[in-house]
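# Pasting a predicted model and its sequence here:
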Amino acid sequence: MHLKEIKKIYHKELDHLYSKEEVDSFFYLAIENYLGLERFVLALEPNLTITKEEEGELFRALSELRLQRPIQYVLGSTQFCDLDFIVNENVLIPRPETEELVYWILDELRLVEKEISILDIGTGSGCIAISLSKYLSNAKVQGLDISKKAIAVAKENAIENKVNVDFLEFDVLSLEELAVQYDVIVSNPPYVRELEKSEMYKNVLDYEPDGALFVPDEDPLLFYKSIVRFARHHLNPDGMLFFEINQYLGKETKKLMESEGFSEIELKEDMYGNHRMLKGVWSQ
Ligand code: GLN
């Protein structure tokens, strides 16, 4: 079959679910991933034909996209901070907002020359922990997650990215048992309230792990409270705590950090202009 025919079929089957640009990008990602072809190949070779086997791969991907399975899970991988990460339904798909959090941390630590110990709480695919380890040669990084399956993915990602990160299965709500001190603690814990579900896409709701996303409406800062209290006792002097946060709870999350004695608190917007990141210093 001609490759351009398959592109037409992608549009015919998916255009009612996604924008044309999105369908184009799914098609190009699929041919790059399964066939190793660049997106401009059709411009250069408009009559390019592919084998039956290759066709099979592209149609299998199409059938999953039709069920609105996220493209990252269909392909089994995604990019984050210019690195490749394996992803599956056991881990949240890394988001561009979280890249911004990593870039903020990198910026804050740019001038530090001594060895830095970093803890990532609720690490999922390991994207934050691994990126920090990759870009900070002086960092010793640990990542925790309650999910054994997530830890397995994170460990694979550390191997793929050739970094040495220590990943442990651990419940965020019983952190006190960890007897280690850190210079930086970072977390992107679950923060979406049930009442915000209506704002979310079907592909997120149907496929991404609930446990990584949702918090009870009556206690949306549940994880933040536990992590802030843990950080008070486990940050070295002048250690920093970084969070990704719920855009609607910026003030409340900031207040929580203040009330627990953190200083130099900074609330930062993401590229969409939403309150998305928070930093505090433990100077007591
Ligand atoms: N930003 C993610 C979303 O809206 C949520 C991430 C999280 O709960 N930590 O899908």
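It's in. Being a predicted model, the structure only gives us computed values, none of them experimental.
# and the stretch 1-150 of the chain, which residues reach the ligand?
residue 95 (CB under 6 Å from any ligand atom). Every C-beta, even on glycine, is put in place using the N, C-alpha and C of the backbone.
# can you give me the strands for the stretch 1-150 of the chain?
For the stretch 1-150 of the chain, the strands identified by DSSP state E, counting those that start in this stretch occupy 77-80, 83-86, 116-121, 139-145, in order along the chain.
# can I get those in a markdown table with mean neighbour count?
Listed next are these as a markdown table, based on neighbours: other CB atoms under 10 Å:
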| stretch | mean neighbour count |
| --- | --- |
| strand 77-80 | 18 |
| strand 83-86 | 18 |
| strand 116-121 | 24 |
| strand 139-145 | 24 |
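# count of neighbours near residue 32?
By other CB atoms under 10 Å, the residues close to residue 32 number 14.
# for it, what are its contacts?
Contacts of residue 32 were listed using CB atoms under 8 Å, 6 or more residues apart in numbering, and they are 38-39.
# Please enumerate the helices of the stretch 101-250 of the chain.
127-135, 148-160, 202-207, 210-213, 222-234, 250-259 (DSSP state H, counting those that start in this stretch).
# does the fourth one come close to the ligand?
Yes: contact check for helix 210-213 against the ligand, using CB under 6 Å from any ligand atom: residues in range are residue 213.
# can you list contacts of that helix?
The set of residues that contact helix 210-213 without belonging to it, under CB under 8 Å, 6+ apart, is 91-92, 122, 124, 146-147, 150, 190-192, 204.
# Columns mean pLDDT, mean neighbour count and distance to residue 241 on top of the helices of the stretch 101-250 of the chain, output as a markdown table?
As requested, the helices of the stretch 101-250 of the chain are exported to a markdown table (pLDDT from 0 to 100; neighbours: other CB atoms under 10 Å; distance: least, CB to CB, whole Å):
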| stretch | mean pLDDT | mean neighbour count | distance to residue 241 |
| --- | --- | --- | --- |
| helix 127-135 | 98 | 25 | 13 |
| helix 148-160 | 98 | 19 | 21 |
| helix 202-207 | 91 | 15 | 27 |
| helix 210-213 | 92 | 15 | 20 |
| helix 222-234 | 95 | 19 | 5 |
| helix 250-259 | 97 | 16 | 7 |
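# and residue 271, how many neighbours?
When counting by other CB under 10 Å, one arrives at 10 neighbours for residue 271.
# what stretches of this protein score poorly on pLDDT?
Scanning the chain for pLDDT under 70 picks out the ranges 176-177.
# Nearest the geometric middle of it, what residue?
The residue at the geometric middle of the chain, judged as the C-alpha nearest the mean C-alpha position with CA atoms, centre = their mean, is residue 94 (2.3 Å).
# separation between that residue and residue 223?
As defined by CB to CB, to the nearest Å, residue 94 lies at a distance of 18 Å from residue 223.
# now do residue 210
Taking CB to CB as the criterion, residue 210 is separated from residue 223 by 14 Å.
# again with residue 37
When distances are taken as CB to CB, residue 37 and residue 223 turn out to be 43 Å apart.
# Same check on residue 61?
On the measure of CB to CB, residue 61 and residue 223 end up 35 Å apart.
# Could you give the bridge partners of residue 243?
Residues in a beta bridge with residue 243, per DSSP bridges, are residue 187, residue 278.
# Correct me if wrong: it contacts residue 276.
No: with contacts counted by CB atoms under 8 Å, residue 243 stays clear of residue 276, the gap being 9.4 Å.
# more crowded one of those two?
Neighbours were counted for residue 243 and for residue 276 using other CB under 10 Å; residue 243 has more, 28 against 23.
# got the contact list for that one?
For residue 243, the contacting residues are 186-189, 224, 227, 253, 277-279, by CB under 8 Å, 6+ apart.
# For these, please prepare TSV with the additional fields distance to the ligand.
Formatted as TSV, the entries for the contacts of residue 243 read as follows, by distance: CB to the nearest ligand atom, whole Å:
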residue	distance to the ligand
186	12
187	9
188	5
189	6
224	11
227	12
253	12
277	11
278	13
279	17
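# Residue 128 is in contact with residue 186, correct?
Yes: taking contact to mean CB under 8 Å, the distance of 5.9 Å between residue 186 and residue 128 places them in contact.
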